[in-house]
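Asks: Would you be able to build a 3D model of this:
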Amino acid sequence: MGIKRGDSLGRALALGLCLVALLAMGGWFLFEHVGADPVPHARASVPATPEPRPGPAVSPDVRATVVEVVGSVEWTHDGQWEALRVGHELAPDDSVRTGPGARVDLRVGDEASRLSIPERSEVRVGEVTRAEHTIQLQRGRIDVDYLGREDRVLRVRGENGTVAETRAARFTMLRNGATVAVATRGGSVNLSSAGVTVQVAAGQQSVVFEGAKPLAAEPIPLDVLLKVASKASAQDSLCLSLTGKVRVGTEVFVEGEPAQVSSDGSFRADVPRREGLGQVKVVAREPGGEIQEVMMACRPLRARAGPRQAESVKFRWDEAH
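Replies: As a prediction, the model looks like this:
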């Protein structure tokens with residue numbers, strides 16, 4: 001009986017130890033799988049945060065880049081004029097102006113097209129995008145060599161809503177006061193004003209007066225008659241008082257200063273007398289860029305009053321260099 005009682009006690013102790021071990025293992029299991037995450041199914045129901053997707057590629061702004069500067073050229077953005085340098089990029093609303101004998105060449109974006117702004121001219125950059133290039137001609141002229149592409153257009157705006165538009169052309173646009181002229185050397189340009197559009201093909205030119213309808217396109221003349229008449233001034237302070245007439249759309253410069261040319265091509269200018277001035281240079285420049293000049297002798301101080309015989313000079317524009 002003693003032996004059996006001892007065996008029963010041993011078995012009871014063994015069972016107790018096994019129960020303690022099982023309880024310990026159960027506690028460890030609950031800690032690892034329940035205690036650390038009391039609601040394991042909730043973790044599975046939360047979707048993983050997606051990585052941000054890259055947005056659409058944004059094309060860099062297209063700028064008008066300065067590729068050549070000759071003479072005195074300035075630019076302004078907020079009203080302060082500063083010297084313009086090669087490599088400068090012009091943003092919309094920037095303006096550029098050139099002094100006497102100066103010139104600046106612009107390239108739009110990465111294109112090979114050139115916009116050349118000669119002396120005594122001013123332009124303002126308008127909308128410049130991948131699809132549209134807009135320039136405002138404030139005064140003077142702009143020479144354009146624009147390469148063709150179907151997905152873009154160039155618009156040069158003049159006075160009173162006048163617009164020259166092209167997708168591929170070589171042309172010159174002139175603004176002299178309220179007069180706008182376009183001369184095309186290659187391709188074609190649509191010149192619009194007052195709700196009317198005229199196509200100016202290669203070798204043609206057209207003119208707009210005071211925001212009126214464009215004149216019908218006509219061939220660029222090979223010769224023009226520039227008549228300059230001079231008369232003695234009643235005042236000794238004047239070297240000459242000049243009157244003349246040129247073909248419509250032609251610019252006239254007297255001693256480097258632009259003369260006001262009326263809608264019929266007539267002009268006049270008074271030249272003050274100054275020390276060392278013996279002759280007066282009168283220059284006529286066609287919209288297409290052809291230039292001719294004539295020299296007029298300054299009247300002597302004691303010249304007898306009265307009109308002087310008018311002088312006529314026939315310029316052969318096809319022989320100009």
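
Asks: Now do the SS call for Val66.
Replies: Put simply, Val66 is strand when judged by DSSP: H, G, I helix; E, B strand; the rest coil.

Asks: Ignore what I typed, I meant Gly161.
Replies: When the rule is three-state DSSP, Gly161 gets the label coil.

Asks: Looking at it now. What's its pLDDT?
Replies: Reading off the confidence values, Gly161 has pLDDT 92.

Asks: just Leu277 next, same as before
Replies: Reported pLDDT for Leu277: 86.

Asks: is it fair to say it lies in a strand?
Replies: No. Assigned with three-state DSSP, Leu277 falls outside any strand and is coil.

Asks: ok, it - contacts?
Replies: If you count contacts by Cβ atoms under 8 Å, 6 or more residues apart in numbering, Leu277 has them with 239, 271, 298. C-beta coordinates here come from the backbone N, C-alpha and C atoms, glycine included.

Asks: Which of the residues you listed sits closest to Asn160?
Replies: Val271 (31.2 Å; Cβ to Cβ).

Asks: Pull the residues that contact stretch 66-83.
Replies: By Cβ under 8 Å, 6+ apart, stretch 66-83 touches 84-91, 93-107, 114, 119.

Asks: so how far is the first residue of it from its last?
Replies: The first residue of stretch 66-83 is 12 Å away from its last residue (Cα to Cα, to the nearest Å).

Asks: One more: stretch 275-289?
Replies: 32 Å.

Asks: Go through that stretch and flag the buried ones.
Replies: 280, 282-288 (16 or more other Cβ atoms under 10 Å).

Asks: Quick one: low-confidence residue ranges for the stretch 1-150 of the chain.
Replies: The stretch 1-150 of the chain contains residues with pLDDT under 70 at 1-62, 109-111.

Asks: for it, what spans make up the helices?
Replies: 2-30, 40-45 (DSSP state H, counting those that start in this stretch).

Asks: Am I right that Leu174 is in contact with Arg139?
Replies: No. Applying Cβ atoms under 8 Å as the test, Leu174 and Arg139 come out as separate, 9.7 Å apart.

Asks: okay, the two: which has more neighbours?
Replies: The neighbour count for Leu174 versus Arg139, taken as other Cβ atoms under 10 Å, is higher for Leu174 (27 against 16).

Asks: what pLDDT, on average, does the host helix or strand of that one get?
Replies: Using DSSP states H and E, Leu174 sits within strand 169-176. Predicted confidence along strand 169-176 averages 92 (mean pLDDT).

Asks: Show me what it is packed against.
Replies: In terms of contacts (3 or more Cβ pairs under 8 Å, 6 or more residues apart in numbering; DSSP states H and E), strand 169-176 is packed against strand 132-146, strand 179-193.

Asks: closest to Gly203 out of those?
Replies: Short answer: strand 179-193, nearest of the helices and strands packed on strand 169-176 by Cβ to Cβ, at 7.1 Å.

Asks: helix or strand right after the closest one?
Replies: Heading C-terminal from strand 179-193 (DSSP H and E), you reach strand 196-201.
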